[in-house]
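Asker: coords please:
(one chain, ligands or ions: 1)
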Amino acid sequence: MAEAAKDLSTEKVTLDNLDPEEVKARIMAKYPPKVARKRSKQFVINKVGEDGKTPVINANVRTVPGLMGQRGCCYAGCKGVVLGPTRDIINITHGPIGCGFYSWLTRRNQTDPESTPDGHNFMTYCFSTDMQDEEIIFGGEKKLKQAIQEAYDNFKPKAIAVFSTCPVGLIGDDVHSVCREMKEKLGINIFGFSCEGYKGVSQSAGHHIANNGIFKHVVGLDDTIKEGKYRINLLGEYNIGGDAFEIERIFDKCGITQVAAYSGNSSIDAFANSHTADLNCIMCHRSINYVAEMMETKFGVPWIKVNFIGAEATAKSLRKIAQYFGEQELIDKVEEVIAEELPEVEAACAEVRPRTEGKRAMLFVGGSRAHHYQELFGELGMKTLSAGYEFGHRDDYEGRKVLPDIKVDADSRNIEELTIEKDPERFNPRISEERKAELENSGFEFNDYDGMMPEMPDGAMVIDDLSQWETDQLIKIFKPDLFCAGIKEKYTVQKHGIPLKQLHSYDYGGPYAGFKGAINFYHEIDRMVNSRVWEYMKAPWDKNPELAATYACD
Ligand code: CFM
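Answerer: Here you go, the predicted model:
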């Protein structure tokens with residue numbers, strides 16, 4: 001028995017001659033054959049062809065029961081991620097108190113209530129119907145109505161959103177009709193989400209449901225065209241650790257007007273007006289590409305992929321926005337801002353880099369950061385040995401070119417696809433066909449995301465939906481200098497004597513976006529990978545004998 005459960009690290013593997021295929025084979029060999037077959041398709045050794053093509057990775061599929069994954073649920077993606085950071089919507093969790101409590105936004109989505117006149121900010125509250133046995137048996141609609149009424153009486157918000165948790169779907173409460181009734185009664189915008197935790201295979205399902213809901217109930221309610229010459233929306237930026245504040249600072253400096261952000265530092269009025277912007281810029285493709293696609297179809301707003309994580313990436317994204325508008329005045333201003341900001345960033349990087357050069361990182365985060373943060377590590381001269389998403393889809397790994405090849409399985413079919421058509425009055429293509437073709441001929445990409453794998457070196461291990469056991473094995477085999485993940489992984493990784501940087505909440509640090517954010521990140525990573533404290537760590541399971549176990553069957 002002890003033999004079977006032996007760690008791979010006890011076998012002779014030297015750091016210099018590790019063949020990733022061999023490492024993969026060893027890890028897979030410990031699984032029952034059926035599990036190994038499934039995990040093999042999600043554990044890919046990268047190889048980029050000349051055409052930018054990469055190996056196929058299986059993604060957005062169910063986690064094998066029994067494997068401890070990193071994922072969250074559909075409700076988390078809808079309520080916690082997409083709608084949560086909007087300060088002036090009261091978000092009521094319809095469900096038992098645990099769901100509301102654990103999605104209380106203590107992970108530091110920041111917001112600035114001063115930037116809207118009423119100063120509303122409900123993000124620090126946790127609203128829940130606190131369902132009890134009685135509601136599970138007799139239905140919870142009455143209690144939901146009371147909760148909406150109570151929230152309204154106390155706060156007089158502009159909008160209330162209701163989020164369904166697992167039991168709501170199981171007992172069949174109709175949150176949508178309750179919302180309609182209360183909307184009628186109270187005269188404010190009230191809408192619900194069928195984002196029961198069990199829908200789909202991860203929080204990714206919740207993103208889609210949130211996108212649909214915002215689009216149906218909010219986008220397009222206010223047609224006022226506000227001031228500003230270069231008017232954009234920033235999509236998929238959630239103001240973790242103040243990232244959005246830094247990006248807004250840079251936009252302001254460049255003379256770019258942000259009409260709405262989805263949804264860091266955002267307000268419901270901005271969503272309602274967002275279809276008046278002239279360009280959608282997507283940071284996190286996974287969580288928000290649906291809004292961009294729908295806005296283009298209905299209102300004619302084109303979208304581009306941007307990335308403000310990394311100083312170079314920030315400069316590149318600003319140039320791309322300027323190129324889209326094509327006005328010399330903006331192009332010059334953007335160059336001026338970059339020239340002004342970069343020296344400080346370069347000085348910080350030059351100071352830190354001798355101590356970070358050659359260090360090795362692993363990143364397993366969400367659906368976009370495992371890609372974006374490789375920019376910052378590249379600037380520090382660090383190598384990404386392995387990376388993967390918790391819940392990204394194949395297009396987030398391999399690029400949107402694979403979209404036509406993705407088979408839609410039952411879990412995805414479960415999630416509503418809205419049929420969107422051109423708005424007969426308000427559709428307005430922001431850019432002429434000729435200008436679009438001209439830009440595209442010069443290499444400018446609309447509606448595209450190349451994905452993570454084409455930018456990773458050959459031989460890097462790309463692993464989807466990493467499990468805790470695989471985490472342990474990778475760490476023991478490779479002993480990376482830094483592991484990036486979230487709070488669930490943090491303490492076991494640290495017990496191995498490896499520093500862990502949280503890239504979901506930033507460990508209360510940040511911002512890391514934009515120019516100033518890059519400087520913060522360089523210093524923080526320098527401190528982490530060069531601290532000697534980790535050498536002194538000895539995990540409890542290394543000190544004391546552990547219980548050994550083996551799989552009973554395959
Ligand atoms: Fe997008 Fe996000 Fe992410 Fe995400 Fe998330 Fe997040 Fe994330 Mo945590 S929307 S996919 S569902 S960038 S909460 S703000 S950090 S896992 S990589």
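
Asker: so where is the stretch 251-400 of the chain shaky, pLDDT-wise?
Answerer: Applying pLDDT under 70 to the stretch 251-400 of the chain picks out no residues at all.

Asker: how about the residues of it that lie near the ligand?
Answerer: By CB under 6 Å from any ligand atom, the part of the stretch 251-400 of the chain that sits against the ligand consists of Cys284, Arg286, Ser287, Val365, Gly366, Gly367, Ser368, Arg369. C-beta: built from backbone N, CA, C; applies to glycine.

Asker: tell me the contacts of whichever residue of the stretch 151-300 of the chain sits closest to the ligand?
Answerer: Nearest residue of the stretch 151-300 of the chain to the ligand (CB to the nearest ligand atom) works out as Cys284 at 3.2 Å. Listed by CB atoms under 8 Å, 6 or more residues apart in numbering, the contact set of Cys284 reads Leu235, Gly236, Glu237, Tyr238, Gly367, Ser368, Arg369.

Asker: Pull out the buried positions in the longest helix along the chain.
Answerer: Across the chain, the longest stretch assigned as helix under DSSP state H is helix 328-356. By 16 or more other CB atoms under 10 Å, the buried positions in helix 328-356 come out as 330-331, 333-334, 337-338, 341-342, 345, 348-349, 352-353, 356.

Asker: Give the burial count for the closest residue to the ligand within the chain, as a bare number.
Answerer: Nearest residue of the chain to the ligand: Gly366, at 2.2 Å (CB to the nearest ligand atom). Gly366 has 29 neighbouring residues, counting by other CB atoms under 10 Å.

Asker: State the three-state secondary structure for it.
Answerer: coil (DSSP: H, G, I helix; E, B strand; the rest coil).

Asker: Need the phi and psi values for the nearest residue in space to it that is not next to it in sequence.
Answerer: Take Gly366 and drop its neighbours on the chain: the residue closest to it by CB to CB, 6 or more residues apart in numbering is Glu390, 5.5 Å away. Main-chain dihedrals, Glu390, degrees, to the nearest 10: phi -80, psi -40.

Asker: isn't Glu390 right next to Val201, touching?
Answerer: No. The pair Glu390 / Val201 is not scored as a contact, 10.5 Å apart, by CB atoms under 8 Å.

Asker: Looking at the two, which one has more neighbours?
Answerer: Comparing Glu390 with Val201 by other CB under 10 Å, the one with more neighbours is Glu390, at 25 against 22.

Asker: quick one: contacts for Phe101?
Answerer: By CB under 8 Å, 6+ apart, the neighbours of Phe101 are Cys126, Ser128.

Asker: Buried by neighbour count: which residues of the helix or strand containing it qualify?
Answerer: Assigned by DSSP states H and E, Phe101 belongs to helix 97-102. Within helix 97-102, the residues that count as buried by 16+ other CB under 10 Å are Cys99, Gly100.

Asker: just checking, what packs against the next helix-or-strand element following that helix?
Answerer: Where DSSP H and E defines the elements, the next helix or strand beyond helix 97-102 is strand 127-128. If you count contacts as 3 or more CB pairs under 8 Å, 6 or more residues apart in numbering; DSSP states H and E, strand 127-128 packs onto strand 89-94, helix 97-102, helix 141-155.

Asker: what about 6 Å?
Answerer: strand 89-94 (3 or more CB pairs under 6 Å, 6 or more residues apart in numbering; DSSP states H and E).

Asker: Not counting its neighbours along the chain, what's nearest Pro167?
Answerer: Once flanking residues are discounted, Pro167 sits nearest to Ile136: 5.6 Å by CB to CB, 6+ apart.

Asker: What distance do you get for the one you found to Thr165?
Answerer: From Ile136 across to Thr165, the span is 11 Å (CB to CB, to the nearest Å).

Asker: swap in Glu141?
Answerer: Separation of Glu141 from Thr165 (CB to CB) stands at 14 Å.

Asker: Kindly report the same for Cys78.
Answerer: Distance of Cys78 to Thr165, computed by CB to CB: 10 Å.

Asker: What residues does the stretch 51-200 of the chain have near the ligand?
Answerer: Within the stretch 51-200 of the chain, the positions near the ligand by CB under 6 Å from any ligand atom are Gly77, Val81.

Asker: if we can go back for a sec, comparing Glu141 and Thr165, which shows the higher neighbour count?
Answerer: Neighbour count, other CB under 10 Å: between Glu141 and Thr165, Thr165 has more, with 26 against 20.

Asker: neighbours of the nearest residue to Ser274 once chain neighbours are set aside, just the number please.
Answerer: Of all residues not flanking Ser274 in the chain, Ala260 sits nearest, at 3.7 Å (CB to CB, 6+ apart). Neighbour count for Ala260, taken as other CB under 10 Å: 24.

Asker: same thing with Lys156?
Answerer: 12.
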